[in-house]
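>>> mind folding the following:
(2 chains, ligands or ions: 2)
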Amino acid sequence: METPLQILSKVVPGIISHIPQTLLYWFLPSVLALALGSLLCWARVTNRRNPLYWICTVVISFFRGTPGIVQIYIVFFGLPKLIWAIGYDVSDWTAGVYFIIATTLNLSCFMAETLRGGYLALDRGQVEAGLSIGFSRVQNFVHVIAPQTLKVALLNIKNLEIDVLKDTSVAYTIGAVEIMGYANRMIALRSGLGQLWILGAAAVIYFVMCAVLEIAFNLMVRRISRYEEVAR
Amino acid sequence: MTELSASAEATPADAPVVSVRGLKKSFGGVEVIKDVSFEVSQGQVLSILGPSGSGKTTMLRCINALERPDSGLITVDGVSLDYGKGKPRYRDILAQRRKTAMVFQHYNLFKNKTVLHNVTEGLAVVQRKNKQEAEAIAGEALEAVGMSGLEDRFPMHLSGGQQQRVSIARALALNPSVILFDEPTSALDPERVNEVLRTMKDIASRGVTMIVVTHEIRFARAVSDTVIFMDGGRIVEKGAPDKVIDHPQTDRLREFLNSLASREFE
Ligand SMILES: Nc1ncnc2c1ncn2[C@@H]1O[C@H](COP(=O)(O)OP(=O)(O)O)[C@@H](O)[C@H]1O
Ligand SMILES: [Mg+2]
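Ligands and ions are numbered 1, 2, ... in the order given. Have a look, this model is predicted:
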């Protein structure tokens, strides 16, 4: 009979060694979704006669209105067929690639709506002030519009990012290996012996990562909202 | 102080710095500026009076190229936009905007930036001045509006009058060919009005060309070289302040001046 300590000492190093995978499955979609989400957001705030507006609206409501796991399966099984149909062989793509693609698409849609909320809350007066002092459109975007949009959106982005970090744990369902995939494989190898200890260890690691992310975002929020503090 | 005094550059002494010809602008089929023309010479102060809705704000916004007129020719310090020939090039719009600066009724300061950075932002980003230069110019501009010592405050922690003076400094620092003021004191508490008017008077005495939309008749009389009275999108009267304000020729201006006078006793 193994003691809990023995079980943990066998699996925890393995779990820890999979932290980089989990972080990759979180980080890449986050960065890509910030870019893609900004584009979608832009399409959603242009005028409604633009066909792009309607296309993006439909795409966004699809991704927001269906379960993430369904989207992951659709991308995992559907995308290779689609790419194959246009004449490319992607059989060497790993499951992780499909997971990153599916997560990026999903997160982009949520990101777009979050950014849009920030954009709609913009103070028009400050935007005009930027133009009036001679900012070009790009300068005004960089120096006035983007910072203000982000400021309003940042709390929601924090929640999105924490969800994405936790949801990397479903990547194992299509065979991508990260913390949860490794933990599951260990449990299977050990025929379920010490299952709760292994899951518990994974939970603690997720918890620590989420806590660090939360603290980082809170620091950012505080920094970006500095000007609202009461005067000292 | 030279950097903050008006830009006298290439413009000959008597050529107008701002020239507006045949300006027309409508919103949704309603014409709110109906064929307006006027000029402002270097270092002059033009005040615009008129009831609410007469098109004063719209006209300033056209000069700042924040609004696109339907037709008319606007020239600011050599940069001309001829709206009669369709949409002007973006490059020219930007050039004209950079010749003008606007002081808004509600200050419109960048709330997430300190007083100093509100003023340095345009210098650094638009005029590509380095940090030292930008801060030196901003320091002078803030001194000119009596805001030295409050550089590190955020707008939220300033009174309305202080915010408006910062916004004047933001405009002044850019050394534009003309500063446009849109009712700069009408959002202020009454006891804050004078500090801003005094600041504007100081700026005017430095030879800065100004167009001021205001309801402050005594200020307009004391500071302006020319006064325009607008009503219904047209210039109804125009001339020296003692003529327009003290000897109005039309019933409409008389009524307007009376309504302002009675307002003061409320
Ligand atoms: N963006 C706009 N859209 C529609 N109507 C406007 C707009 N801006 C101004 N107007 C109208 O134009 C007229 C003149 O407005 P404005 O220039 O603000 O006058 P003033 O500054 O003299 O009070 C008003 O009737 C106003 O309702
Ligand atoms: Mg107005």
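>>> got the phi and psi for the residue at minimal distance from the centre of chain B?
In chain B, the residue lying closest to the centroid (CA atoms, centre = their mean) is B:L180, at 1.3 Å. Backbone geometry at B:L180, expressed as degrees, to the nearest 10, gives phi -100, psi 120.
>>> just checking, it touches B:F104?
No. With contact defined as CB atoms under 8 Å, B:L180 does not count as touching B:F104 (9.3 Å). All C-beta atoms are positioned from the backbone trio N, CA, C, and that covers glycine.
>>> longest helix in chain B, by residue count?
Looking across chain B with DSSP state H, the single longest helix is helix B:190-205.
>>> tell me which strands the helix or strand that that one is followed by pairs with, and in which orientation.
Sequence order places strand B:210-213 as the next helix or strand after helix B:190-205, per DSSP states H and E. Using DSSP bridges, strand B:210-213 pairs in its sheet with strand B:45-49 (parallel), strand B:178-182 (parallel).
>>> just put those strands in TSV and tack on mean pLDDT.
Below are the strands paired with strand B:210-213 laid out as TSV (pLDDT from 0 to 100):
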stretch	mean pLDDT
strand B:45-49	97
strand B:178-182	98
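>>> can you map out the helices along chain A?
A:4-17, A:19-45, A:51-65, A:68-85, A:95-120, A:124-132, A:137-140, A:146-167, A:179-189, A:195-224.
>>> which one of those helices lies closest to B:G28?
When the helices of chain A are compared by CB to CB, helix A:124-132 sits nearest B:G28, at 18.6 Å.
>>> tell me the mean pLDDT over the closest one?
Per-residue pLDDT over helix A:124-132 has a mean of 96.
>>> what's in contact with it?
Under the contact criterion CB atoms under 8 Å, 6 or more residues apart in numbering or on different chains, helix A:124-132 has outside partners A:139-140, A:143-145, A:148, B:64, B:66, B:97, B:100-102, B:104, B:106, B:108-111, B:167, B:170.
>>> quick one: pLDDT of B:A8?
We have a pLDDT of 45 for B:A8.
>>> cool, and B:A144?
B:A144 is assigned 95 on the pLDDT scale.
>>> tell me how many other residues crowd it.
Using other CB atoms under 10 Å in any protein chain shown, B:A144 has 21 other residues around it.
>>> residue contacts, it?
Contacts of B:A144 by CB under 8 Å, 6+ apart are B:L4, B:A169, B:L172, B:T199, B:D202, B:I203, B:R206.
>>> most surrounded residue in those residues?
B:A169 (29 neighbours).
>>> surely A:G68 touches A:S169?
No. A:G68 is beyond contact range of A:S169, at 11.4 Å (criterion: CB under 8 Å).
>>> up against chain A, what does chain B have?
B:64, B:66, B:94, B:97-98, B:100-102, B:104, B:106, B:108-114, B:121-122, B:125-126, B:153-157, B:167, B:170-171, B:174 (CB under 8 Å from any CB of the partner chain).
>>> which residues does the residue nearest to the centre of chain B contact?
Taking CB under 8 Å, 6+ apart, we find B:L180 in contact with B:L60, B:I63, B:N64, B:T100, B:A101, B:M102, B:V103, B:M210, B:I211.
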